[in-house]
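[1] Just a sequence and a predicted model for now, questions to come.
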Amino acid sequence: MANVNFFLKEPNSDEETLIYLYFSYNRRRLKYSTGEKILVKFWNTENKRAKQTKKFPEYPEFNSRLDNIEKEVKNAYRKILNDGEEPTNNKIRDELDKALRFSDTKEIKDLFSFIENYIKENESVKSVATIKTYKALLRNLKTYASEKNRRIDFEDIDLNFYDSFLSFLIGKGYSQNTIGKNIQILKTLLNAATDRGINKYFGFKHSKFKRLSEESDSIYLTLAELDSIYKLNLSNDKSLEKVRDLFIIACFTGLRFSDFTKLKKENFNDGKIRIRTEKTDETVIIPQHKYVREILKKYKNEIPEPLSNPKMNLLIKHIGLVAKIKTKIEVSITKGGKVVKEIKQKHELITTHTARRSFATNLYLQEIPTITIMKITGHKTERSFLKYIKISQEENANKLMNHPFFK
């Protein structure tokens with residue numbers, strides 16, 4: 001049964017806070033920004049509407065807008081069912097966008113204005129990192145148009161543009177994965193414009209109009225290396241100690257930065273961690289490793305105060321250096337169309353995402369069934385999971401030696 005609720009983004013804020021729509025259906029939940037803001041003191045937490053008070057005289061119109069949003073999400077859900085399709089968060093969100101956010105599509109006449117509007121409308125919904133990629137693409141498109149002295153609009157996005165834009169990005173010295181990300185985001189935005197009836201041209205759907213990629217030299221930390229990090233005495237630097245402890249939690253839960261930095265007391269119960277992940281909007285349940293239990297006890301069932309991702313990445317590299325994780329690794333990257341190779345020490349490559357990759361790889365090496373690990377990491381296919389983990393040929397051989405076939 002479908003259910004609609006509205007919640008404040010920051011219920012303890014002293015300033016106006018955003019209101020989110022939560023639409024629950026078929027054991028799923030859609031989180032959607034209404035774009036509406038209100039002071040907490042004017043919000044009725046019981047009926048999920050603005051209080052009827054003279055101090056907030058616009059409450060009738062305000063509540064009417066929320067009523068309309070509730071009506072539209074139910075309409076979107078019914079429409080998808082009536083079309084004989086399986087409702088998903090993306091399908092419902094797209095229908096809501098059509099009904100609410102892009103009702104003024106007649107004013108959007110070209111590609112650049114659409115992207116600008118799309119960014120503006122999604123800044124409160126999508127992650128900072130995602131919005132950053134949208135803005136980077138827009139800058140590259142505008143620079144390309146300026147340097148090529150040509151107009152770029154929906155009808156211009158075809159295979160000729162694709163080849164030309166790739167050459168342009170290669171000439172700017174971007175890595176192959178960065179170039180691929182630009183193409184991926186462009187296709188995402190063009191699909192969004194197509195769904196809203198703004199784009200009528202489909203050259204970008206050609207099979208050759210594809211994202212470029214190359215396997216990254218991402219690393220994972222072995223259990224021995226994680227032990228050395230965990231056992232470091234950092235009591236003389238509490239800030240560094242907190243970063244280390246939070247990183248260890250990530251290494252033994254497999255959670256993304258956006259999730260492990262938001263863990264609360266209510267996520268810890270019965271020796272397990274239960275959390276609805278931000279990226280997939282699915283609940284995962286993870287047993288608490290002994291290191292996680294010790295850290296939670298240390299901070300009275302809270303987590304250390306997180307820093308920004310870039311700041312944590314910088315400090316984690318330093319922690320890796322202190323832990324003497326100095327194995328030399330050759331890394332290569334295609335940049336500006338050329339393969340560039342260099343030797344780095346392993347600690348220089350550690351990031352917050354190394355924690356998630358370490359979790360998955362270490363469980364795999366411990367003979368945990370792949371499907372069990374995927375329940376936590378969220379990988380949909382075994383093929384994508386096996387590409388994600390990082391094990392050497394030596395480690396793979398050692399793993400096979402324990403198999404009955406080689407006994």
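    Looks like it came in fine.
[2] Dihedrals phi and psi, the closest residue to residue 306 other than its chain neighbours?
    Nearest residue to residue 306, sequence neighbours excluded (C-beta to C-beta, 6 or more residues apart in numbering): residue 261, at 3.9 Å. C-betas here are computed from N, CA, C, even on glycine. When read as degrees, to the nearest 10, the backbone of residue 261 gives phi -80, psi -10.
[3] Would you check how far apart residue 261 and residue 183 are?
    Per C-beta to C-beta, to the nearest Å, residue 261 is found 30 Å from residue 183.
[4] Show me the shaky parts of the stretch 1-150 of the chain.
    1, 101-109, 125 (pLDDT under 70).
[5] What are the boundaries of the strands in it?
    3-8, 17-25, 28-38, 43-44, 49-50 (DSSP state E, counting those that start in this stretch).
[6] Just the residues contacting the longest one, thanks.
    To tie it back to what came earlier, the one meant is strand 28-38. For strand 28-38, contacts defined as C-beta atoms under 8 Å, 6 or more residues apart in numbering pick out 6, 8, 16-24, 50, 62, 65-66, 69, 73, 87-89, 92-93, 96, 101, 121, 124-125, 276, 281.
[7] Buried ones only from those residues, please, as a PyMOL command.
    To isolate the buried subset of the contacts of strand 28-38 in PyMOL, counting by 16 or more other C-beta atoms under 10 Å, use the following:
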select buried, resi 6+8+17+18+19+20+21+23+50+62+66+69+73+87+89+92+93+96+101+121+125
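[8] and for the lengthiest helix in the chain, what are the contacting residues?
    If you go by DSSP state H, the chain has its longest helix at helix 59-82. With contacts defined as C-beta under 8 Å, 6+ apart, helix 59-82 is touched by 2, 4, 6, 19, 21, 23, 25, 30, 32, 34, 36, 38, 42, 48-53, 56, 86-87, 91-92, 95-96, 99-100.
[9] list the contacts for the residue nearest the centre of the chain?
    In the chain, the residue lying closest to the centroid (C-alpha atoms, centre = their mean) is residue 279, at 4.8 Å. Residue 279 is in contact with 256, 258, 259, 378, counting by C-beta under 8 Å, 6+ apart.
[10] Setting the sequence-adjacent residues aside, check what's closest to the third one.
    So the one you mean is residue 259. Nearest to residue 259 is residue 277, by C-beta to C-beta, 6+ apart, at 5.2 Å.
[11] And that neighbour, how far from residue 267?
    As judged by C-beta to C-beta, residue 277 and residue 267 stand 11 Å apart.
[12] Same question for residue 289.
    Remark: distance between residue 289 and residue 267 (C-beta to C-beta) = 15 Å.
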